[in-house]
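[1] Any chance you could fold what I've pasted below:
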Amino acid sequence: WYSGHVLSAMGDVVVVTFNYRLTTFGLLYTGAKHPGGAPGNMALWDQALALEWVVDNIAYFAHNNVWRVGRCHIDQSPHFVPNYSSLALEWVVDNIAYFGGDPKRITMFGESAGAISTSLHILSPITRHLFQRAIIMSGAASKTLCTSTDAESVWYERAVAFGCGTAGDDSTAHEFTPEMIECMARLSTEDLLKARGLGLSRCELDLMIDGEFVPNNPIELLKSGDYKRDIDVLIGTVDNEGSMFLSWFIDPIKFNKWQPLSISYHDAYEYALSFLTGFHRLPPTGSQQVVDTYFNGLSNETNHEVLIQTVGRLVGDLWLTCPTKLFARYIHSGHPKSRVYEYYYNAKSTAGHQLFCSDWMGVCHFDDIYPVFGLPFQEYDRYDRRERQISAQMIDVFTGFARNGQPPKQSGADWRPYYTVNDNTVIAPYYEFTVEPKGKAVIKCETKNANTIVSVRVTNGLITGFADQLYGVKINAFLGIPYAEPPVGDLRFKKPMPVREAWPKPVGATKWPKA
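    Predicted coordinates for the structure are as follows:
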């Protein structure tokens, strides 16, 4: 899904995506007492280094380029970085000029976890200077993150579960020892991946306040104005952000992806209430008031799919929609030159079951990723004409925003940014993407097999890629460019190390790399 070929060809931008470490590999924290241990937030540090590399090298590449930076991927002119981390961001900054891009017109964008990362880069003193604009899709860091103490305690318990320590009752029971850190470093990749089957706690899913990359809770940074304040931001959410999470976090049988069970009004109400009071430990009285608001007008006669989607909307608003909108309002209020735009995605695909969401889930989390990356043009027979129109619109909006800091007109309608009236009331206009027929038809995507080798010299040496063609536009693709030393051996749980040595021979970048 994250191939930038269509986005590059149709939008005339350089698109860069990059790989970074996840879960235990990207989030493990072993405490401050042992400098040789895991510092936490390795995922963010990976992203930062990649962006810096790109900014330093992008001008060396012609327009219509696609890269994958090696633990990265790129495509064409102002330049577009779907998010993901700090070392990766540094790579972009260092290299974007080699690819025909402008290091002073970098737009970072991300969806879900990528959106949260993007918002943290706006807040972080480490990376806020590396880009000029941001697109935040379904998620933002405007909530309380794990403290270093909580994170170490949770990861200590995980280490014990892996057999790398013993639970105890003394005051140091939740502090890592050098022996535990060495044991974690020796575990196989397969063993570490088994953590997903043990049930993940919040601090194992969240980034943390490390005092360096994330110096304080995001909401405190926003309130104090400690973030990149002169920035243009485009935010977006979908109609039902939470429906896909119901089977993961509430009841995998009742909310089965393919065959959800019939649910009563009472059951739906109790699921929603227990999600707030149990999973999030919110006060019962306030939680009941929230649930009453969502269930207003519903009854025992309400269709069970409507009841399920109501629970999904509550979950999605709490986790994704409200944090995204709250973050946008702080950005709007923080600087007179900051422009904030918003879209609302409400176009259900006719392509059948998508990766994450079935029909009963409605327009759900991740549904706006497919059109942004041009899947209706890559898988032409699965999508209809209206979906290709929406995809073309979204590509036009995203790349126009990256180029000018303002989305272009759509169907004759101007995009209006957030504005304030009466000194304290924020008005938040938005543009809605729907499946209603609009605009003219878009031509079918035609591609040719790559058969021409192309090369470019960047800071570390020569990279060879291949020439491709979309819509009559030539694209040079470079897949798997290494921006950091492999995070194995002694580097396994450490901050990323940039590639310092010159490459002794040309680096082949003609195939998608393994993660």
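
[2] Low-confidence bits of the protein, can you list those?
    Within the chain, the segments meeting pLDDT under 70 span 1, 59-87, 168-173, 195-202, 204, 352-355, 423, 435-451, 515.

[3] which helix in it runs the most residues?
    The residue-count maximum for a helix in the chain (DSSP state H) belongs to helix 385-404.

[4] Check which helices and strands that one sits against.
    helix 5-11, strand 79-82, strand 106-111, strand 133-137, strand 232-238, helix 369-372, helix 375-378, strand 431-433 (3 or more Cβ pairs under 8 Å, 6 or more residues apart in numbering; DSSP states H and E). Where C-beta positions appear, they are placed from N, C-alpha and C, glycine not excepted.

[5] Give the next helix or strand downstream of the fifth one.
    I take that to be strand 232-238. Counting by DSSP states H and E, the element after strand 232-238 in chain order, helix or strand, is helix 246-249.

[6] Could you point out the helix or strand that follows that next one?
    Downstream of helix 246-249, the next assigned helix or strand under DSSP H and E is helix 265-274.

[7] sorry, back to before: compile the helices and strands packed on helix 385-404 into TSV and extend it with columns for mean neighbour count and distance to Gly100.
    Below are the helices and strands packed on helix 385-404 laid out as TSV (neighbours: other Cβ atoms under 10 Å; distance: least, Cβ to Cβ, whole Å):
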stretch	mean neighbour count	distance to Gly100
helix 5-11	26	11
strand 79-82	30	9
strand 106-111	26	13
strand 133-137	28	18
strand 232-238	26	22
helix 369-372	24	22
helix 375-378	23	23
strand 431-433	19	30
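
[8] Asp468: which of the ones you listed is closest?
    Asp468 lies closest, by Cβ to Cβ, to one member of the helices and strands packed on helix 385-404: helix 5-11, at 6.8 Å.

[9] Just checking: what are the partner strands of the following helix or strand past that closest one?
    As assigned by DSSP H and E, the chain's next helix or strand after helix 5-11 is strand 14-18. Its sheet considered, strand 14-18 pairs with strand 65-69 (parallel), strand 73-74 (antiparallel), strand 79-82 (parallel) by DSSP bridges.

[10] who does the strand or helix carrying Val54 touch, helix- and strand-wise?
    Using DSSP H and E, the element containing Val54 is helix 42-57. Under the contact definition 3+ Cβ pairs under 8 Å, 6+ apart, helix 42-57 sits against strand 14-18, helix 23-27, strand 65-69, strand 79-82, helix 86-95, strand 96-97, strand 106-111, helix 113-123.

[11] Can you tell me what sits against the last one?
    It refers to helix 113-123. Outside of helix 113-123, the residues within contact range by Cβ atoms under 8 Å, 6 or more residues apart in numbering are 43-44, 47-48, 82-86, 89, 108-110, 127-128, 130-131, 134-142, 207, 213-214, 218, 221-222, 226-228, 231, 233, 324, 327, 331.

[12] could you redo the last one with a cut-off of 7 Å?
    Counting by Cβ atoms under 7 Å, 6 or more residues apart in numbering, helix 113-123 makes contact with 44, 47, 82-85, 89, 108-110, 127-128, 134, 136-141, 207, 214, 218, 221, 227-228, 231, 327, all of which sit outside it.

[13] residue nearest the centroid of this protein?
    Centroid-nearest residue in the chain: Gly114, 1.3 Å away (criterion: Cα atoms, centre = their mean).

[14] Let me see the ranges of the strands in the stretch 301-450 of the chain.
    Ranges of strands within the stretch 301-450 of the chain are 340-345, 419-421, 425-427, 431-433, 447-458, based on DSSP state E, counting those that start in this stretch.

[15] sorry, back to before: adding distance to Met497 as columns, could you present the helices and strands packed on helix 42-57 in JSON lines?
    Listed next are the helices and strands packed on helix 42-57 as JSON lines, based on distance: least, Cβ to Cβ, whole Å:
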{"stretch": "strand 14-18", "distance to Met497": "15"}
{"stretch": "helix 23-27", "distance to Met497": "15"}
{"stretch": "strand 65-69", "distance to Met497": "15"}
{"stretch": "strand 79-82", "distance to Met497": "21"}
{"stretch": "helix 86-95", "distance to Met497": "8"}
{"stretch": "strand 96-97", "distance to Met497": "21"}
{"stretch": "strand 106-111", "distance to Met497": "22"}
{"stretch": "helix 113-123", "distance to Met497": "20"}
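
[16] Among these, which comes closest to Trp53?
    Smallest distance to Trp53 across the helices and strands packed on helix 42-57 (Cβ to Cβ): 2.0 Å, for helix 86-95.

[17] Go through the closest one and flag the buried ones.
    Ser86, Leu87, Ala88, Leu89, Glu90, Trp91, Val92, Val93, Asp94, Asn95 (16 or more other Cβ atoms under 10 Å).

[18] Likewise for stretch 177-194?
    Neighbour-count burial for stretch 177-194 flags Thr177, Met180, Ile181, Cys183, Met184, Ala185, Leu187, Leu192 (criterion: 16+ other Cβ under 10 Å).

[19] Which parts of the stretch 151-300 of the chain are helices?
    For the stretch 151-300 of the chain, the helices defined by DSSP state H, counting those that start in this stretch occupy 178-186, 189-193, 202-205, 218-224, 246-249, 265-274, 284-294.
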